[in-house]
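S.K.: 3D, please:
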Amino acid sequence: MSLPTNYLEFNNPIHIVWRKGTPNDPYIDRLDIARVVNQRIFLLEIPDEMYKVRISGMFEINYEKFIKHNLEKNEFYVDYTNGFVYFHAVKEAETMSMVYKGRGLILYPSTRIVHYDGTNSTETLHEIIERSKIQVQDLIDRTDNYEEYLKKLVIAINESNHATDQALIATHNANEATELVRDAYETTVLIYQPFVHTYDDIAKKFPHPEVGWTTQVFDTGIRYRWNGKAWIPIDALGGNVPLANEVINGLMSKEQFVKLQNITEFVNEKTIVFIIPKDILQGVQDPHIIFDWDGEIVDIQASISILGSMPTPIQLQKSSNFIDWLDITVNPVIIDEDRYLNNQAYTLINSTVKKGDVFRLYIPSFSVDAQNLSVNVKVALK
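M.R.: You can find the predicted model right below:
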């Protein structure tokens, strides 16, 4: 923000320069640190009333309460028109840190600034400046009177020394304010870094942190800030974060957690079951089963309840149109003689399952004497 030159073309205006509060000309964040004098502080800029002036540990009151009642020790009032902040008498001479958004400046001409000698307003700053200019010029013109000139020069030197002393005091105060600003910065700045999975990972990922570095631990949700000596926890994910639902992301409730704990590792598996009661005849067996998910066949288990004297071969087949059938294994699944379960000596092919695929059993041998065949086909869902 700069002061337009054409604002200075008037003789005696009050110059008011505002920011627009738009993305191209936003209000700026300010931290003013000043001492309470006569129960008030003059802010360096005019604050934004929407954002408010914020002072740690204190509360702002409105105009009506300020007019009708005295300020409490922990209360303050803000004049958003002129940029003054008023405090209780016990706050006199205390140094305050005030955070606000600056809207701009009000620049007063010298003719509107009055010198106050303790009793009455005597003259304006403009009059003092103009009189000083005349006196200096008169002093230069009267070079013929050396003694008088020297006397006035000594007076000017004394005044200059006084001004130098005041400047040293102002410099000292400015240095103190700078230290306060630096301390405020080092204790409040947050410089966000990538998250880590556990607290122990912080030291590994950030072996040489700088003041203000902030990271979040994934497994606990706690955020830590490096204060120059140690990683200090400052907050945790939660509190105002809503529970997750089918519309928004969020936290999980304890009921949902218990339900999730009870879900087994087989939740993403489906099993196709064939049952051939009594005698097992050669050829295509009923029923035909339609599978409604995409997946991958990972295991085939066949069993009988009445042993056979000869091996029982079983061929699992699939089709997408009830016409063209593909074998699922290279060779049939075999239940050896005098065994209740298949021998697992099979090799899967064409094991990918598409939604809507049809499955059936085919018995290639006519000499099967085992009975009550069951076949379980385990499919891992995608």
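S.K.: Using the record, which stretches count as separate domains in the chain?
M.R.: The record's domain parsing of the chain by automatic domain parsing lists 5-108, 269-381.
S.K.: Mean pLDDT, mean neighbour count and distance to residue 227 for those domains - can I get that in TSV?
M.R.: C-beta coordinates here come from the backbone N, C-alpha and C atoms, glycine included. What follows is those, written out as TSV (pLDDT from 0 to 100; neighbours: other C-beta atoms under 10 Å; distance: least, C-beta to C-beta, whole Å):
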stretch	mean pLDDT	mean neighbour count	distance to residue 227
domain 5-108	88	14	17
domain 269-381	91	15	50
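S.K.: quick one: which of the ones you listed is nearest residue 214?
M.R.: Smallest distance to residue 214 across the domains of the chain (C-beta to C-beta): 18.1 Å, for domain 5-108.
S.K.: Can I get the domains of the chain in a markdown table including distance to residue 159?
M.R.: A markdown table is the format used below for these (distance: least, C-beta to C-beta, whole Å):
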| stretch | distance to residue 159 |
| --- | --- |
| domain 5-108 | 24 |
| domain 269-381 | 92 |
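S.K.: Now do the same contact list for residue 290.
M.R.: Going by C-beta atoms under 8 Å, 6 or more residues apart in numbering, residue 290 touches 356-359.
S.K.: Same question for residue 66.
M.R.: Counting by C-beta under 8 Å, 6+ apart, residue 66 touches 77, 86.
S.K.: Assign a three-state SS to it, would you?
M.R.: Look at residue 66: counting by DSSP: H, G, I helix; E, B strand; the rest coil, its state is helix.
S.K.: Residue 201 too?
M.R.: Under three-state DSSP, the three-state class of residue 201 is helix.
S.K.: Look up the closest residue to it, ignoring the ones flanking it.
M.R.: The shortest distance from residue 201 to any non-neighbouring residue, by C-beta to C-beta, 6 or more residues apart in numbering, is to residue 217 (7.7 Å).
S.K.: My read is that the one you found contacts residue 198, right?
M.R.: Yes - between residue 217 and residue 198 there is a contact at 6.3 Å, judged by C-beta atoms under 8 Å.
S.K.: which one of these two has more residues nearby?
M.R.: With neighbours defined as other C-beta atoms under 10 Å, residue 217 and residue 198 compare such that residue 217 has more, 21 against 11.
S.K.: Show me what the more buried one bridges to in the sheet.
M.R.: residue 196 (DSSP bridges).
S.K.: wait, what's in contact with it?
M.R.: 195-199, 201-202, 223-224.
S.K.: Provide a ChimeraX selection command restricted to the buried entries of those residues.
M.R.: Buried members of the contacts of residue 217, defined by 16 or more other C-beta atoms under 10 Å, are picked up in ChimeraX with:
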select :196,202,223,224
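S.K.: Of the contacts of residue 217, which is the nearest to residue 126?
M.R.: Within the contacts of residue 217, the smallest distance to residue 126 is 55.1 Å, found for residue 223 (C-beta to C-beta).
S.K.: Need the CA coordinates for whichever helix or strand the closest one is part of. PDB is fine.
M.R.: Using DSSP states H and E, the element containing residue 223 is strand 222-226. Provided in PDB are the C-alpha atoms of strand 222-226 (Å, rounded to 0.1, in the frame of the first residue of the first chain):
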ATOM      1  CA  ILE A 222      -1.100 -35.300  17.900                       C
ATOM      2  CA  ARG A 223       0.700 -32.300  16.400                       C
ATOM      3  CA  TYR A 224       4.200 -31.400  17.700                       C
ATOM      4  CA  ARG A 225       6.100 -28.100  17.500                       C
ATOM      5  CA  TRP A 226       9.900 -27.600  17.900                       C
END
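S.K.: circling back: ok, the contacts of residue 217 vs residue 301, which is closest?
M.R.: Distances from residue 301 to the contacts of residue 217, taken as C-beta to C-beta, are shortest for residue 197 (39.4 Å).
S.K.: excluding its backbone neighbours, what's nearest the closest one?
M.R.: Closest to residue 197 by C-beta to C-beta, 6+ apart is residue 218, at 4.8 Å.
S.K.: That neighbour touches residue 199, doesn't it?
M.R.: No - the criterion here is C-beta under 8 Å, and residue 218 misses it with residue 199 at 10.1 Å.
S.K.: Give the residues shared as contacts by those two.
M.R.: Residues touching both residue 218 and residue 199 by C-beta under 8 Å, 6+ apart: none at all.
S.K.: List the beta-bridge partners for the residue most central in space within the chain.
M.R.: Centroid-nearest residue in the chain, with C-alpha atoms, centre = their mean: residue 192, separated by 8.7 Å. Beta-bridge pairing for residue 192 (DSSP bridges): residue 214.
S.K.: isn't it right next to residue 212, touching?
M.R.: No - using C-beta under 8 Å, residue 192 is not in contact with residue 212; the gap is 9.4 Å.
S.K.: And the next helix or strand after the strand holding residue 223, what's buried?
M.R.: With elements assigned by DSSP H and E, the helix or strand that comes after strand 222-226 is strand 231-236. Buried residues in strand 231-236, counted by 16+ other C-beta under 10 Å: residue 231.
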